[in-house]
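Trainee: Give the three-dimensional model of this entry:
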Amino acid sequence: MGTQSIKSKLESFLMDLKVLRDEASVVYFAVEIRKLIEQTRNQNYTLLKFYCDWCVHSRKDKITKEIEIVMGQIYENICSTNGEQPELKDIQDFVEMEGLRSEVDCFLQEQGLPTDLVLSDNWERFINLMTQILVEQPIKNPTDKIASFSFVETASPNTAAVEIEYLIKPAEYKKFQLTRGTPVRSKLI
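Mentor: The predicted model follows:
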């Protein structure tokens with residue numbers, strides 16, 4: 001299937017965002033975007049490729065270059081506090097999917113595709129569906145310092161939490177959880 005065919009399908013999809021009503025629509029978007037990234041050999045969208053890959057696997061234990069990069073950055077953020085309560089900014093941006101939003105916007109513009117997906121209500125619906133998918137799909141051992149990384153369900157609707165089990169010293173792990181929503185909450189568990 002050619003690049004033009006994929007773009008045409010994505011354009012039709014993005015012109016009618018009412019189709020963004022279930023997890024299947026988010027998976028469809030991710031699969032088509034991933035195909036377009038691969039066919040254009042574009043290496044500039046690490047986070048976008050990371051999410052596109054993650055949402056189509058029930059359990060990520062084959063670690064891609066993108067997973068290594070993203071998880072490495074998150075671990076560095078955690079370590080900057082010497083194992084105490086991690087600094088929230090970068091992890092919060094990850095949970096809120098702001099970096100993903102920026103990359104989706106740039107990629108769609110670069111490809112000449114509609115960008116209405118990244119507008120507030122559309123984006124909120126998109127990330128709520130994306131997190132529903134990812135809740136069921138942990139990443140196991142994404143680095144030698146992180147044992148697991150996953151979105152977990154919360155009691156509140158339209159919120160999600162990220163749970164990270166990370167190494168603080170040889171053979172000793174801590175769990176950290178950050179909840180998306182207002183206000184953002186974090187805790188060591």
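Trainee: continuing past the top helix by length along the chain, what's the next helix or strand?
Mentor: Looking across the chain with DSSP state H, the single longest helix is helix 23-40. As assigned by DSSP states H and E, the chain's next helix or strand after helix 23-40 is helix 46-54.
Trainee: Enumerate the positions of stretch 2-12 that are buried.
Mentor: For stretch 2-12, the neighbour count (16 or more other C-beta atoms under 10 Å) marks I6, K7, L10 as buried. (Glycine included, C-beta is placed from N, CA and C.)
Trainee: So which residues make contact with the helix or strand harbouring the second one?
Mentor: Assigning secondary structure by DSSP H and E places K7 in helix 3-15. Surrounding helix 3-15, the residues in contact under the criterion C-beta atoms under 8 Å, 6 or more residues apart in numbering are 19, 25, 28-29, 32-33, 35-36, 39-40, 108, 111-117.
Trainee: change it to 6 Å
Mentor: Contact with helix 3-15 is made by E32, K35, L36, Q39, L113, P114, as judged by C-beta atoms under 6 Å, 6 or more residues apart in numbering.
Trainee: likewise stretch 24-39?
Mentor: T3, I6, K9, L10, V19, K49, C52, C55, L129, M130.
Trainee: try 7 Å
Mentor: Defining contact as C-beta atoms under 7 Å, 6 or more residues apart in numbering, one finds that stretch 24-39 is touched by 3, 6-7, 9-10, 13, 19, 45, 48-49, 51-53, 55-56, 111, 126, 129-130, 133.
Trainee: who touches the residue most central in space within the chain in this structure?
Mentor: Centroid check for the chain by C-alpha atoms, centre = their mean gives Y51 as the closest residue, at 4.3 Å. Y51 is in contact with A30, L100, M130, counting by C-beta under 7 Å, 6+ apart.
Trainee: ditto for Q111
Mentor: K7, L36.
Trainee: Over to the one 3 residues further on?
Mentor: P114 makes contact with E11, L14, M15, L108, according to C-beta under 7 Å, 6+ apart.
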